[in-house]
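> Mind folding the following:
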Amino acid sequence: MNLEQRIRDQFDDSVATKQKAAAAMAAPIAAAIQVMATSLKAGGKIMACGNGGSAADSQHFAAELLNRFERERAPLAAIALTTDTSTLTSIANDYHYDQVFAKQVQGLGRKGDVLLAISTSGNSPNVLAAMTAARERGVRVVALTGKGGGRMAAALAADEIHLCVPASRTARIQEVHLLTLHCLCDGIDALMLGDTQ
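Next up is the predicted model:
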């Protein structure tokens, strides 16, 4: 086994996936940036959720909005629905794990807010439930998926945004998800602060 070649192959595959994703995803990412910036400018907030690596991505995204991305600016209203263990475990215990995000959206979501729903497969039941709760509260949904979007793609309304990585390998999807989140942060900053490049 040539480990160095294996590593090069991973990099090459990642680059090829990102190039394919750039062509497919640039327009919907731009639309998501507009929706999110409009919400933030109007006093709304962005909520993010996901499981496993997608939970980490939701926290990463919320942190870069609430704190800062690459430029100094005032904090932006963002929250990851994946971080409060007392809330998560009480909902899972008293109701069902499928409701851990939905109940938070019901309590925290307001008309004009945005939910960033993340799932590499597009089939996470608790993320799907959060999307339903968001619609009921007048919260716009942006879905970040891969593998064709799964059940989330089928559940999206006409005015909701689907950011779907054109790949089937989980590692590649997650790599593009992180780049997508950075594109969202950069675009939001550009709309909020002005384009400096």
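> which helices and strands sit right next to the helix ranked longest in the chain?
Looking across the chain with DSSP state H, the single longest helix is helix 3-41. Under the contact criterion of 3 or more CB pairs under 8 Å, 6 or more residues apart in numbering; DSSP states H and E, helix 3-41 touches strand 46-49, strand 114-118, strand 140-146, strand 161-165, helix 170-193. Where C-beta positions appear, they are placed from N, C-alpha and C, glycine not excepted.
> Save the ones you listed as a markdown table, and put in mean pLDDT and mean neighbour count too.
Listed next are the helices and strands packed on helix 3-41 as a markdown table, based on pLDDT from 0 to 100; neighbours: other CB atoms under 10 Å:
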| stretch | mean pLDDT | mean neighbour count |
| --- | --- | --- |
| strand 46-49 | 98 | 28 |
| strand 114-118 | 98 | 29 |
| strand 140-146 | 98 | 26 |
| strand 161-165 | 98 | 23 |
| helix 170-193 | 97 | 19 |
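> I'd like to know which of the ones you listed lies nearest to S90.
When the helices and strands packed on helix 3-41 are compared by CB to CB, strand 46-49 sits nearest S90, at 16.4 Å.
> List the buried residues in the very next helix or strand once past that closest one.
Sequence order places helix 53-66 as the next helix or strand after strand 46-49, per DSSP states H and E. Burial within helix 53-66, assessed by neighbour count using 16 or more other CB atoms under 10 Å, is assigned to G53, S54, A55, A56, D57, S58, Q59, H60, F61, A62, E64, L65.
> now do stretch 84-97
Applying a neighbour-count criterion of 16+ other CB under 10 Å, one finds L88, I91 buried in stretch 84-97.
> CA atoms only: put it into CSV for me.
In CSV, the C-alpha atoms belonging to stretch 84-97 read as follows (Å, rounded to 0.1, in the frame of the first residue of the first chain):
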residue,chain,number,x,y,z
ASP,A,84,-27.9,22.6,24.7
THR,A,85,-27.6,19.1,26.2
SER,A,86,-30.3,19.7,28.8
THR,A,87,-32.8,20.8,26.1
LEU,A,88,-31.8,18.0,23.7
THR,A,89,-31.9,15.2,26.3
SER,A,90,-35.1,16.4,27.9
ILE,A,91,-36.9,16.5,24.6
ALA,A,92,-35.5,13.1,23.5
ASN,A,93,-36.5,11.6,26.9
ASP,A,94,-39.9,13.2,27.2
TYR,A,95,-41.0,13.0,23.6
HIS,A,96,-38.8,11.5,20.9
TYR,A,97,-35.4,12.2,19.4
